[in-house]
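Q: Any chance you could fold what I've pasted below:
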Amino acid sequence: MSSRNSNKKEIINNTDYYAPLRRGKSSITHDATPILRHPSVHNRRNLATLNYIWKYGDRLYKLAHYYYNDSRFWWVIAWYNAVPTEALLRPGDVIAIPLDLENTLRVLKG
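A: Numbering: from 1, shown residues only. This next block holds a predicted model:
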């Protein structure tokens, strides 16, 4: 599996807005916010998914741990289903869980 930090972009920032964070340095370096896209119909057709019925007590991080063996990838399930937070899910809702994490990450990053 590829690292979620592979191909990350960094920003060197020397604006006055960040002066308090620089602590005397001329600039700071931070990670750029990645741009993800929602999978197209074509991309979805090529990804193996499992339909999952949301139950009381479910959490996205628990599903990520179960299906990906890594709870840090909860956001993949959220992003794939266009559900920014699990508070929007109700018992009985059906969500799709992409089964091939590496391929899904490739699709989401475009």
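Q: low-scoring stretches of the chain, by residue?
A: Within the chain, the stretches with pLDDT under 70 are 1-8, 34-36.
Q: all strands for it, in order.
A: 10-13, 28-31, 49-53, 94-98 (DSSP state E).
Q: Could you provide these in TSV, with additional columns for distance to residue 81?
A: Heads up, the C-betas are built off the backbone N, CA and C, glycines and all. Formatted as TSV, the strands of the chain follow (distance: least, CB to CB, whole Å):
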stretch	distance to residue 81
strand 10-13	30
strand 28-31	25
strand 49-53	10
strand 94-98	5
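Q: any idea which of these is most buried?
A: Ranked by mean neighbour count, those are led by strand 94-98 with a mean of 18 (mean count of other CB atoms under 10 Å).
Q: Show me how far it is from its chain's centre.
A: What separates the centre of strand 94-98 from the centre of its chain is 14 Å, taken as CA atoms, centre = their mean, to the nearest Å.
Q: which strands and helices sit next to it?
A: Packed against strand 94-98 by the contact rule (3 or more CB pairs under 8 Å, 6 or more residues apart in numbering; DSSP states H and E) you find strand 49-53, helix 74-80.
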